[in-house]
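Engineer: Following is a predicted model, sequence given first.
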Amino acid sequence: MTFDLAAFLATAGIGRRIVQMKPKQAFFSQGGVADSIFYLQTGRAKLTVVSHDGKEATIALIPAGEFVGEESLASVGGVHMATATAITACAALRIEREEMIRVMHQENSLSEMYLKFLLVRSIRAQADLVDQLFNSSERRLARILLLMAEFGEPDKSEHLLPPITQETLAEMIGTTRSRVSFFMNRFRKLGLIEYNGRIRVHKSLLNVVLHDQFTERNPERPPGSSTPRIRSKPDTRG
């Protein structure tokens, strides 16, 4: 019998079942036993980590069509390094570790799909790191908005963001909520985004990011900020 990858990821069966998650409901928690991997069929989820002193940070957004909890396949008895939480209502296929490994050994189509997923996530993680190291808060916010609006996806006619708070956006780009609010208001005034219950991202935001026009039009800090931006000066020593 020919293996149907789409049917495998869409239906329940031996070692796998479909779960329905409400917004803010956790798929798994940081430190919990990693014994299953989830394939997100519909909805959006996020990964968060909590430090020893209780500080929480959002480290990734998970769109439909991706896996979450891949550390479950690394070793028996492993634990989750982060918490996965539904942002919107989600449907996901929960696959037990043993079943996922068994099918990957037997079916090349699943192995190839999973390898592609890991490569894409690795490239995205590297891009996130470069973004944090070298780009301004404003440019980082623009990039997150474009990613969440799924620019570049061929089947996306509308670029709406899932429900997300400014606090979460601030965590993801490493800045404060007030800065996020300032930049979002500026994006709206410039016609780069609009609010109508949900945030709609326009293609013009992508053009601005590609041409790096942020620093030409506005200072990094919001008005009234007491801390000026410090720009590095060229070394003139001989």
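Structural biologist: Looks like it arrived, so ask away. Numbering: from 1, shown residues only.

Engineer: just the helices in the chain please.
Structural biologist: Here the chain has its helices, by DSSP state H, at 5-10, 97-106, 108-134, 137-148, 166-173, 177-189, 203-211, 214-217.

Engineer: which stretch among those helices comes nearest Gln30?
Structural biologist: Proximity to Gln30 (C-beta to C-beta) singles out helix 166-173 among these, at 14.9 Å. C-beta coordinates here come from the backbone N, C-alpha and C atoms, glycine included.

Engineer: now that closest one and helix 137-148, what's the angle there?
Structural biologist: 100 degrees (axes from the mean of the first three to the mean of the last three C-alpha atoms, to 10 degrees).

Engineer: Name the surrounding residues that touch helix 166-173.
Structural biologist: 46, 48, 56-59, 61, 132, 137, 140-141, 144, 176-177, 179-181, 184 (C-beta atoms under 8 Å, 6 or more residues apart in numbering).

Engineer: Name only those of the residues you listed that count as buried.
Structural biologist: Neighbour-count burial (16 or more other C-beta atoms under 10 Å) is assigned, among the contacts of helix 166-173, to Lys46, Thr48, Thr58, Leu61, Ser137, Arg140, Leu141, Ile144, Arg179, Val180, Met184.

Engineer: Max pairwise distance over the residues you listed: which two?
Structural biologist: Farthest pair in those (C-beta to C-beta) is Thr48 and Met184. Separation: 21.2 Å.

Engineer: ok, the most centrally placed residue in the chain to Met104 distance?
Structural biologist: Nearest to the geometric centre of the chain sits Leu61, at 2.0 Å (C-alpha atoms, centre = their mean). If you measure Leu61 against Met104 using C-beta to C-beta, to the nearest Å, the figure is 25 Å.

Engineer: now do Val79
Structural biologist: Counting by C-beta to C-beta, the gap from Val79 to Met104 is 21 Å.
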